[in-house]
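Student: Have a look at this prediction, sequence included:
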Amino acid sequence: MIKITRNKVALGVLVVLLGLTSCQDYLDVEPKDQLNSDQVYRDVFDADAAVVGIYGKFMGLAKKYVILNELRADLMSPTDNADMYLQQINEHAVTKDNPYANPKDFYEIINNCNDVLKNFKIMAEENKMDQGEFNERYSDIGTLRSWLYLQLGIHYGEVPYITEPIANIDDVQNENLYPRLSLTALINELVDFTESLPYTSPYSANSTLVIDVDGYNTAKFFINKECLLGDLNLWANNYTQAAAHYKTVMETASSSGSDSERYDVYRVKWAEIASNNDLAVGYIRYREQDAQALVNNNTQGWRSMFAREKDALWNTEWIWSLPFDSNFAPQNPFVELFSNQGGDYLVKPSQEAMDLWDNQVQRNGFPYDARGPKFSYNIISGQPVIMKYLFKYLDSDTQLPIDVFQTGGDWFLYRAATLHLRYAEAANRDNQHKIADALLNFGIQNAYTVGGVTDVTDIEQTHQPFPYDFDARQGDFPFFRGNWYRNTGLRGRAYVERAEIVGDSLTSIENNLVKESALELAYEGNRWGDLLRVALRRNDPAFLADKVYNKLDKDGNPNAGEVRSKLMSTSNWYLPFVWNKEE
């Protein structure tokens, strides 16, 4: 165990990797049975230790987060190795003793958050932190708590909303003490609280929490507050507000930095055809008709966003990501979960997901979306294996572990593609159909170009007020380079044909966005929430029930029809709110 000394805050970030379970473990103090608040909340370095401690414990949720959000939906299926509890999750027949459905670990972290928030206020009142230090740290932990509650609401439907620390965590189950809020009421509470936080930007560059240590920069370890505010408002059907929060993140680098930062950060930029130094699906130049020329490695192209070092290009896509290190606890849970080489191979891509990728057409005519069988999953030893989390573990040539003891990896939480899909969903519902369709397909410039016009002074831009203002001008006579001129759209970056609008624009584009989220974000922990949010908005249980049914039916599950009938009642969308105290 590494302890934090009060004059070596750099060691504090290692606690994120160590995954220790109590803020009390982080302080270099004499051992006692119990620590008083004056021994753990003395100054900003102790505050940093508390923040890092919360995130250390938070990392223990990674496996549950992916299982609940993917296996309950339509893109992931259990393998023959899966136990009965994973089968229950898959078939929406969860028993009260199912460990994946136990909400207790969420509330343990929430209770830690409540304790930290309470003590941060005391520290600020006693001048143990200045106002700026307080604002950053209080807002970070407050936002993380809201994220945890949103996940609880999504999966349990009705949950107690507790904002003060409690002595006995098992009391959470007592409805007389802590009445439960519906998902709608909970989201409204979360919007109000999170909007009231004093600081919404990432930690400042000179913060003692933003450093480089052991090859990691900590800036992307922490939740992005504007992204969560966008998500909360999207769930609350506050579409303009959601778009405004998302657009703030999309414009992160607009006014500063190098040209590559200004034009590329969170923009979903075009492919670099000559060098393939990009995050796009692409082929070696002049060999676009050769399937073997697909750029498929850990340092170039679409796949590389999940495998490359955390360099400048990685930073153009990733907004929130936490690393697992082989040398520290908690262990990376995804090798065990996904790999059939050195892992337990418990879940796999569903046939429905594989069919969805196979039903796309690339712009060179190839009849599949490379994001599927080439990048999101591979066939290894005759079995379909989810790959996004395994590129650092399996050798790309042999598909065998590089080193069975080196199980480092990442928990992928939020990236530019997620941001664009959510923004487009909000914009579409806010009657900005053309903008939503442009970001989904081939980009702003493509959608707003006028054929035959070379003077781009008044074209290639939306001419809309914030949050719908995009300038993608690229012209030479006169010279223009708008901040969005490199934006190529999600399907443009994926090198697939456009998703057409059929019938009503609003519904068709929303359907296209839901499908694109599957193609682009599969297994990153978004799917159940996406299906649930749209089904609730439309008041259409069949929207969700049919997708789960199609998965089960294609997998040959004899309970497919029964599960569909069950999911036609919204009360059956949620997990039982019961925990096993012994877990």
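Tutor: Arrived safely, thanks for sending. Numbering: from 1, shown residues only.
Student: Burial check on residue 150, number of neighbours?
Tutor: The burial count assigned to residue 150 is 20, neighbours taken as other C-beta atoms under 10 Å. To be clear about C-beta, it is placed using only N, CA and C from the backbone, and glycine gets the same treatment.
Student: Sorry, slip of the keys, the one I care about is residue 264.
Tutor: Residues lying near residue 264 (other C-beta under 10 Å) number 24.
Student: which residue sits closest to it in space, ignoring its chain neighbours?
Tutor: The shortest distance from residue 264 to any non-neighbouring residue, by C-beta to C-beta, 6 or more residues apart in numbering, is to residue 316 (4.6 Å).
Student: Confirm that the one you found lies within a helix, as I assumed.
Tutor: Yes: according to DSSP: H, G, I helix; E, B strand; the rest coil, residue 316 belongs to a helix.
Student: Distance-wise, check it relative to residue 469.
Tutor: Per C-beta to C-beta, to the nearest Å, residue 316 is found 21 Å from residue 469.
Student: More neighbours: the two, which one.
Tutor: More crowded of residue 316 and residue 469, by other C-beta under 10 Å: residue 316, with 23 against 15.
Student: So that one is in contact with residue 262, correct?
Tutor: No: in this structure residue 316 lies outside contact range of residue 262 using C-beta atoms under 8 Å: 10.9 Å.
Student: mind listing the helices for the stretch 101-250 of the chain?
Tutor: Using DSSP state H, counting those that start in this stretch, the helices of the stretch 101-250 of the chain run over 104-125, 131-156, 183-195, 225-235, 239-250.
Student: Need the contact partners of the third one.
Tutor: Meaning helix 183-195. Contacts with helix 183-195, where a contact means C-beta atoms under 8 Å, 6 or more residues apart in numbering, come from 142-143, 146, 149-150, 152-154, 157-159, 161, 163, 181, 225, 228-229, 232-233, 235-236, 238, 536.
Student: give me that answer again for 6 Å
Tutor: Helix 183-195 has contacts (C-beta atoms under 6 Å, 6 or more residues apart in numbering) with 143, 146, 149, 153, 157, 161, 229, 232, 235-236.
Student: possible to save those as JSON lines with pLDDT?
Tutor: Below are these laid out as JSON lines (pLDDT from 0 to 100):
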{"residue": "143", "pLDDT": "98"}
{"residue": "146", "pLDDT": "99"}
{"residue": "149", "pLDDT": "98"}
{"residue": "153", "pLDDT": "98"}
{"residue": "157", "pLDDT": "98"}
{"residue": "161", "pLDDT": "98"}
{"residue": "229", "pLDDT": "98"}
{"residue": "232", "pLDDT": "99"}
{"residue": "235", "pLDDT": "98"}
{"residue": "236", "pLDDT": "98"}
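Student: could I get these as TSV with distance to residue 299 and neighbour count?
Tutor: Formatted as TSV, the contacts of helix 183-195 follow (distance: C-beta to C-beta, whole Å; neighbours: other C-beta atoms under 10 Å):
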residue	distance to residue 299	neighbour count
143	33	26
146	36	26
149	38	27
153	39	25
157	44	21
161	45	17
229	34	26
232	36	27
235	37	24
236	41	16
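Student: what's the closest of the residues you listed to residue 566?
Tutor: residue 157 (14.5 Å; C-beta to C-beta).
Student: wouldn't the closest one be in contact with residue 575 here?
Tutor: No: look at residue 157 against residue 575 with C-beta atoms under 6 Å: they stay out of range, at 8.1 Å.
Student: Any regions of the stretch 151-300 of the chain where pLDDT drops low?
Tutor: Along the stretch 151-300 of the chain, the parts satisfying pLDDT under 70 run over 214-215, 255-257.
Student: scratch that, the chain is what I was asking about
Tutor: Applying pLDDT under 70 to the chain flags residues 1-39, 214-215, 255-257, 581-583.
Student: Using the record's domain definitions, break it down for me.
Tutor: What automatic domain parsing lists as the domains of the chain is 9-223, 275-410.
Student: Reformat those as JSON lines; add distance to residue 544.
Tutor: Formatted as JSON lines, the domains of the chain follow (distance: least, C-beta to C-beta, whole Å):
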{"stretch": "domain 9-223", "distance to residue 544": "8"}
{"stretch": "domain 275-410", "distance to residue 544": "14"}
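Student: where along the stretch 301-450 of the chain do the strands fall?
Tutor: 318-324, 347-349, 377-380, 383-386, 409-415 (DSSP state E, counting those that start in this stretch).
Student: and the fourth one, how far out from the chain's middle?
Tutor: What that stands for is strand 383-386. Computed by C-alpha atoms, centre = their mean, to the nearest Å, the chain-centroid distance of strand 383-386 equals 22 Å.
Student: that older thread, do you know which of the domains of the chain lies nearest residue 549?
Tutor: Between these, domain 9-223 lies closest to residue 549; by C-beta to C-beta that is 8.8 Å.
Student: how distant is that closest one from the center of its chain?
Tutor: Distance of domain 9-223 from the chain centroid (C-alpha atoms, centre = their mean) equals 15 Å.
Student: so which of the strands of the stretch 301-450 of the chain gets nearest residue 339?
Tutor: Comparing those by their distance to residue 339 (C-beta to C-beta), the top pick is strand 383-386, with 6.7 Å.
Student: what's the closest one in contact with?
Tutor: Here strand 383-386 has contacts from 338, 340, 348-349, 377-378, 523, using C-beta under 6 Å, 6+ apart.
Student: hmm, try it at 8 Å
Tutor: Contacts for strand 383-386 (C-beta under 8 Å, 6+ apart): 76, 79, 338-340, 345, 347-349, 354, 376-379, 523.
Student: one step back: out of the helices of the stretch 101-250 of the chain, which is closest to residue 206?
Tutor: That would be helix 131-156 among the helices of the stretch 101-250 of the chain, by C-beta to C-beta, at 10.3 Å.
Student: Any buried residues in the closest one, and which?
Tutor: Counting neighbours by 16 or more other C-beta atoms under 10 Å, one finds that the buried residues in helix 131-156 are 133-156.
Student: Quickly note the distance from residue 572 to residue 159.
Tutor: Residue 572 is 17 Å from residue 159, where distance means C-beta to C-beta.
Student: quick one: which of the two has more around it?
Tutor: Using other C-beta under 10 Å as the criterion, residue 572 and residue 159 rank with residue 159 on top: 24 against 15.
Student: need the contact list for the nearest residue to that one once chain neighbours are set aside.
Tutor: Among residues not flanking residue 159 along the chain, residue 152 sits closest, at 4.6 Å (C-beta to C-beta, 6+ apart). Applying C-beta under 8 Å, 6+ apart to residue 152 gives the contacts 103, 106, 159, 186.
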